[in-house]
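Participant: coords below, sequence missing:
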Ligand SMILES: NC(=O)c1ccc[n+]([C@@H]2O[C@H](COP(=O)([O-])OP(=O)(O)OC[C@H]3O[C@@H](n4cnc5c(N)ncnc54)[C@H](O)[C@@H]3O)[C@@H](O)[C@H]2O)c1
């Protein structure tokens, strides 16, 4: 059995590393001879870096390069498609994958924006499994089933990726841009506006992120940030700062108020994750993580 990785570009090579380092044999296919020739050196470089930083836990399983799709799919237990982001190409490719891959084997696309409904309508074993770039260094992967994707397929892909050391997040429904790129887009849209309006220069935006928001986001997400920034937690944060954030949104033509019901919904989930009795301890943990990051930053520079 092996994992078939279809397309040996940036993302395909990254996925091959993810699966091989977890002990899965990989069959890596690319129609371009130049990519097949370049891939082995790229794989060696990545495995070498993982070993150098002490985060390669085992000898990677073998990765075989293939020029024929049929051969790559021959003993596949999972197919990870990483071909260019082109609707017509993915449509044709998924029709071939569905015809050639062993029955019942999940067909997962790395697509950044195209949904399975658009490139594989009606095919129950197809879903999107969208990684960050590079996949072998960012554990997140968004699982985006189409309405017709079988639950069992989603469960199987979730378990495979989790056991391979990834951190899958399951979206309840298809949405343009998924979650990763919608969050990224919200930041980037505002960054463009601030530069356009002459508020700051490009490097200032990157510094605010690098030296501030981003460092904290390396440890905790936006909801936990709000929760830990205000004594009393996220409910108190929304009470105090909600109106200011609503004004900033309105300035950009956005009207998505944090209604009492929405704040209560978010608060209930945060309190289930962190009772307020543990709040001080978690703030201390955050600070120690930021210290560890600072130490790693100093060591690296
Ligand atoms: N680069 C990113 O930041 C990123 C992040 C997450 C997801 N993705 C998604 O991953 C997919 C691959 O992106 P990439 O950045 O690796 O692109 P890439 O251009 O680096 O690699 C694409 C590879 O697919 C090969 N290819 C061309 N036609 C093919 C076909 N018919 N069948 C199989 N392979 C074919 C190409 O030869 C190339 O090696 C895209 O859907 C992209 O949106 C990209």
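Facilitator: Everything's here; your move. What you are looking at is a predicted structure, and each value in this text was computed from that prediction instead of being measured.
Participant: Nearest residue to residue 24 in space, please, no chain neighbours.
Facilitator: residue 3 (4.8 Å; Cβ to Cβ, 6 or more residues apart in numbering). In short, each C-beta sits where N, CA and C put it, glycine included.
Participant: List the beta-bridge partners for the one you found.
Facilitator: When assigned by DSSP bridges, residue 3 has beta-bridge partners residue 26, residue 78.
Participant: How far off centre is the helix or strand residue 158 falls within?
Facilitator: Under the criterion of DSSP states H and E, residue 158 resides in helix 151-163. Here the centre of helix 151-163 is set off from its chain's centre by 15 Å, with Cα atoms, centre = their mean, to the nearest Å.
Participant: List the residues that contact residue 138.
Facilitator: Listed by Cβ atoms under 8 Å, 6 or more residues apart in numbering, the contact set of residue 138 reads 131-132.
Participant: Next one, pLDDT for it please.
Facilitator: pLDDT, residue 138: 98.
Participant: got it, and residue 194?
Facilitator: 98.
Participant: And it, how far from the ligand?
Facilitator: Using Cβ to the nearest ligand atom, to the nearest Å, residue 194 is found at 24 Å from the ligand.
Participant: So which bits of the helix or strand where residue 293 lies are buried?
Facilitator: Under the criterion DSSP H and E, the helix or strand holding residue 293 is helix 279-300. Residues of helix 279-300 classed as buried by neighbour count (16 or more other Cβ atoms under 10 Å): 279, 282, 286.
Participant: what does stretch 1-17 give?
Facilitator: Buried residues in stretch 1-17 (16+ other Cβ under 10 Å): 2-9, 11-17.
Participant: What parts of the protein come near the ligand?
Facilitator: 6-12, 30-32, 35, 82-85, 89, 93, 110-112, 130-131, 133 (Cβ under 6 Å from any ligand atom).
Participant: In strands, which of those residues appear?
Facilitator: Judged by DSSP state E, strands contain the following of the residues of the chain next to the ligand: 6, 130-131.
Participant: what's near enough to touch the residue of the chain found nearest the ligand?
Facilitator: Distances between the chain and the ligand by Cβ to the nearest ligand atom are smallest at residue 9, namely 1.7 Å. Shown in contact with residue 9 (Cβ under 8 Å, 6+ apart): 30, 35, 82, 84.
Participant: Quick one, grab the pLDDT at it.
Facilitator: 98.
Participant: for the one 10 residues further on, same thing?
Facilitator: At residue 19 the predicted local confidence, pLDDT, stands at 98.
Participant: try residue 1
Facilitator: pLDDT, residue 1: 89.
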